[in-house]
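S.K.: Let me see the structure of the following:
(chains A and B)
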There are 2 protein chains.
Amino acid sequence: MALHVTSEQRLDDGVLERRFDLGEIPGILWTPASASASAPVPLILLGHPPLGLSRMYPRLAGRARQAAAHGFAAATIELPGSGDRPRWPAIEQARADLRRTMQAGEPVGDETVDALILPLVERSVPEWRSALDALLALPGIGGPVGYSGGVISLGIRLAVTEPRIAAAGLFAGSLVPRAVFEEARQVTVPLHVLLQWDDEGNDRQAALDLFDAFGSKDKSLHAHMGGHTGVPGSAGEDAVQFFARHLK
Amino acid sequence: MALHVTSEQRLDDGVLERRFDLGEIPGILWTPASASASAPVPLILLGHPPLGLSRMYPRLAGRARQAAAHGFAAATIELPGSGDRPRWPAIEQARADLRRTMQAGEPVGDETVDALILPLVERSVPEWRSALDALLALPGIGGPVGYSGGVISLGIRLAVTEPRIAAAGLFAGSLVPRAVFEEARQVTVPLHVLLQWDDEGNDRQAALDLFDAFGSKDKSLHAHMGGHTGVPGSAGEDAVQFFARHLK
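M.R.: Numbers count the residues shown, from 1 in each chain, chains lettered A, B, ... in the order given. Purely as a prediction, here's the structure:
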């Protein structure tokens, strides 16, 4: 699938931000000022929660600029059913079920998690792989490739199925289908895992169990105080340092 | 108590290494080439296990040079009963008891931990505070002060009782007396806690419980793969970055 750039702007730190369409899927690519056809830079795929690219833009652009400061390109695409993409009633239904369960303070059952996460992972993984094909074909973008953040089940499936991903920075969550938890044992790339110690939406012990299950010999867990959105700025810098050690 | 420098040498990276005696207690001070009476640098106290300074020297010097590269002085003193200091039969007995218990695969009881750790903490804390008095009186050494690594119970007691300590990097252990565990709730300085995920000498769950108990609002846990001595080099760099954020 071809990637069509729809707009581009130069940010104040010299980073080039390009909006693109990959078929029907919108995306954004950021490249450091230093990137050129003769000096291609490694790429970090930026994962995000399914809240729509425009809502996530400030945080994504911040992460991309941090990555660019260390010489990385960064890119992301819209998730199915989010943002300007067609609505996906089954996922909306599953999300409403999850919200109701959590608000009632009831335990979240396997069926609820499977209904929400499995279709999202199954549809997203081929899209992110197509995006990778198209991005790596651009002048100035080279390997190796890292995956960072977002829906952890998508990160796990990508790390297992996409051999071009050489390292992953994941955000520990507990809404992981049993089938994906088992796949975590097959992950072998270096991992840098963030955990929010008092995450209101994720169970701490389940997140620790998932970290324990990863098959990677080189994995580390970085837990910070606070809720889901309370990740300190220094944690982002540590994550970029992780990629700098493994993608260069 | 006065500090007497007994020898000094300039290391290849310009760091000045001074051996000293504080009364009967040997110690080592490292200062970056940049330190001077008119430009005093912050100080990091380097904790270590009770194996003797000469055995620990390579690792301590490595940590000190890493700290000096970021503009910190670093210092340490010999623990009571270790190295060239007079033997301490009660502690040796307690250590032999612990070793026997662990080799037999039996659970380590509170009494064993108390017998080993409490006397060490009670004798060491006033010594480290005296060392701090003497070190901060030297030209070129200023505050604020950080404490890093070593016997975690000593770090906890120091963080609670010594107001000049502004941040601490601790190595999570499970051999923590119940009384010291309770003191952990009173720790309020920023904390950077390292945990070895498969530490053969420490119980993981007990270490996670201790991390949870710390009263500090700003605390983070960094878990790496491997056994007790398998801390990766990148973890040391992350710890120095933590001190750079909090001691400058």
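
S.K.: Name whatever forms a beta bridge with the spatially most central residue of chain A.
M.R.: Most central in chain A under Cα atoms, centre = their mean is residue A:47, positioned 1.8 Å from the mean C-alpha point. Partner residues in beta bridges with residue A:47, using DSSP bridges, are residue A:149.

S.K.: residues near the residue nearest to residue A:139 when sequence neighbours are not counted, how many?
M.R.: Nearest residue to residue A:139 in three dimensions, chain neighbours excluded: residue A:37, at 3.7 Å (Cβ to Cβ, 6 or more residues apart in numbering or on different chains). Using the backbone N, CA and C atoms, a C-beta is placed for each residue, glycine as well. By the criterion of other Cβ atoms under 10 Å in any protein chain shown, residue A:37 has 9 neighbours.

S.K.: now residue A:194
M.R.: Residue A:194: 22 surrounding residues under other Cβ under 10 Å.

S.K.: Tell me if it really is in a strand.
M.R.: Yes: residue state for residue A:194 (DSSP: H, G, I helix; E, B strand; the rest coil) corresponds to a strand.

S.K.: Am I right that it is in contact with residue A:224?
M.R.: Yes: with contact taken as Cβ atoms under 8 Å, residue A:194 and residue A:224 are classed as touching, separated by 7.4 Å.

S.K.: dump the residue contacts of residue A:50.
M.R.: Residues counted as contacts of residue A:50 (Cβ atoms under 8 Å, 6 or more residues apart in numbering or on different chains) are A:79, A:81-82, A:91, A:120, A:151.

S.K.: Relative to chain B, which of these is nearest.
M.R.: Using Cβ to the nearest Cβ, residue A:151 is the member of the contacts of residue A:50 that sits closest to chain B, with 22.4 Å.

S.K.: just checking, what packs against the helix or strand where residue A:170 lies?
M.R.: Taking DSSP states H and E as the definition, one finds residue A:170 inside strand A:165-171. In this structure, strand A:165-171 packs against strand A:141-149, helix A:152-161, strand A:191-196, helix A:233-246, with contacts taken as 3 or more Cβ pairs under 8 Å, 6 or more residues apart in numbering or on different chains; DSSP states H and E.

S.K.: Off-centre distance for the last one?
M.R.: This points to helix A:233-246. Distance, stretch centre to chain centre, for helix A:233-246: 15 Å (Cα atoms, centre = their mean, to the nearest Å).

S.K.: does chain B sit close to it?
M.R.: Yes: using Cβ under 8 Å from any Cβ of the partner chain, helix A:233-246 reaches chain B at A:234-235, A:237-238, A:241-242, A:245.

S.K.: pull the CA atoms of that helix into CSV?
M.R.: Below are the C-alpha coordinates for helix A:233-246, written out as CSV (Å, rounded to 0.1, in the frame of the first residue of the first chain):
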residue,chain,number,x,y,z
GLY,A,233,8.8,13.2,32.0
SER,A,234,12.0,11.5,33.1
ALA,A,235,10.5,8.1,32.2
GLY,A,236,10.1,9.2,28.6
GLU,A,237,13.8,10.2,28.5
ASP,A,238,14.8,6.8,30.0
ALA,A,239,12.8,5.1,27.3
VAL,A,240,14.6,7.0,24.5
GLN,A,241,17.9,6.1,26.1
PHE,A,242,16.8,2.4,26.0
PHE,A,243,16.1,2.7,22.3
ALA,A,244,19.4,4.6,21.8
ARG,A,245,21.2,1.5,23.3
HIS,A,246,19.4,-1.0,21.1
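
S.K.: quick one, phi psi at residue A:76?
M.R.: Backbone geometry at residue A:76, expressed as degrees, to the nearest 10, gives phi -150, psi 160.

S.K.: ok, the residue of chain A most remote from its centre to chain B distance?
M.R.: Within chain A, the residue lying farthest from the chain centre (Cα atoms, centre = their mean) is residue A:104, at 29.0 Å. Applying Cβ to the nearest Cβ, to the nearest Å, the value for residue A:104 to chain B is 26 Å.

S.K.: May I have the phi/psi pair for that residue?
M.R.: phi -80, psi 0.

S.K.: between the lengthiest helix in chain A and strand A:141-149, how big is the angle?
M.R.: Ranked by residue count under DSSP state H, the longest helix found in chain A is helix A:110-136. Angular relation of helix A:110-136 and strand A:141-149 on a 0 to 180 degree scale: 160 degrees, by axes from the mean of the first three to the mean of the last three Cα atoms, to 10 degrees.

S.K.: Can you point out the buried residues in helix A:110-136?
M.R.: For helix A:110-136, the neighbour count (16 or more other Cβ atoms under 10 Å in any protein chain shown) marks A:112-113, A:115-121, A:124-125, A:127-128, A:130-132, A:134-135 as buried.

S.K.: quick one: the residue nearest to the centre of chain A and residue A:75 touch, right?
M.R.: No: at 10.9 Å, residue A:47 and residue A:75 do not qualify as touching, with contact defined as Cβ under 8 Å.
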